[in-house]
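Participant: Next come a sequence and a model predicted from it.
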Amino acid sequence: MKPIVRIAVALLSCLAISTGALAQMSGGMGRMDTDGDGKISFAEFETSRLAQFKAIDTDGDSVLTAQEIDVWSKARIADMTARMGDADKAAQMMQRRVDALKKADTNGDGKITLDEFKADYAAAFKALDANGDGFLTADELKAAMRP
């Protein structure tokens, strides 16, 4: 799997799309497919990603700090542990998500600006959109999850 695709998959997992959830999808694409057409447009993807950014950016300054990411990560680990019953697995999954998120810090200042975040998810969408039609399908997402 290409590095950008790995990052894209980890970013998608931040949005609660897991391999199991993908396998169970039929006719819909989970939370991101807001119009229910069975595919995710860039606009739908962007809306979901920006909602995640806003959830992490607790002070509303359009910059994600290490502290904000840490607080978000710990809360997500607690939620995932409650659902899965496995704190170690939840922590490992979340660490991959945090690592992928931190790759958006392209200038290496330890913070992720909204512009860096947007550039990162745009590249992720492009990498996941295997046929280049401007939409993500369940098949494209499943293919990206394969090793």
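Facilitator: Looks like it came in fine. Numbers count the residues shown, from 1 in each chain.
Participant: Return the helix or strand in the protein with minimum mean pLDDT.
Facilitator: Ranked by mean pLDDT, DSSP states H and E, the weakest helix or strand in the chain is helix 19-24, scoring a mean of 39.
Participant: ranges for the helices of the chain?
Facilitator: Along the chain, counting by DSSP state H, helices occupy 3-14, 19-24, 42-56, 66-84, 87-102, 114-128, 138-145.
Participant: okay, the ones you listed, which one's buried deepest?
Facilitator: Among the helices of the chain, ranked by average contacts under mean count of other CB atoms under 10 Å, first place goes to helix 3-14 (a mean of 20). All C-beta spots, glycine's among them, are computed from the backbone N, C-alpha and C.
Participant: what about that helix, average pLDDT?
Facilitator: Helix 3-14 comes out with an average pLDDT of 52.
Participant: Could you report the neighbour count for the nearest residue to Asp120 once chain neighbours are set aside?
Facilitator: The shortest distance from Asp120 to any non-neighbouring residue, by CB to CB, 6 or more residues apart in numbering, is to Ala104 (3.7 Å). Residues near Ala104, counting by other CB atoms under 10 Å, number 22.
Participant: ok, Ala104 - contacts?
Facilitator: When contacts are counted by CB atoms under 8 Å, 6 or more residues apart in numbering, Ala104 is found next to Ile112, Glu116, Phe117, Ala119, Asp120.
Participant: Mind doing that once more with 10 Å?
Facilitator: When contacts are counted by CB atoms under 10 Å, 6 or more residues apart in numbering, Ala104 touches 7, 11, 53, 64, 111-113, 115-121, 123-124.
Participant: Kindly export stretch 38-51 (C-alpha atoms) in CSV.
Facilitator: These are the backbone C-alpha positions of stretch 38-51, laid out as CSV (Å, rounded to 0.1, in the frame of the first residue of the first chain):
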residue,chain,number,x,y,z
GLY,A,38,-23.8,5.1,-2.2
LYS,A,39,-20.7,7.2,-2.8
ILE,A,40,-18.8,10.0,-1.1
SER,A,41,-18.2,13.2,-3.0
PHE,A,42,-15.4,15.5,-2.2
ALA,A,43,-17.9,18.0,-0.7
GLU,A,44,-19.2,15.2,1.7
PHE,A,45,-15.6,14.2,2.5
GLU,A,46,-14.6,17.8,3.2
THR,A,47,-17.6,18.4,5.4
SER,A,48,-16.8,15.4,7.5
ARG,A,49,-13.1,16.3,7.7
LEU,A,50,-13.8,19.9,8.7
ALA,A,51,-16.2,18.7,11.4
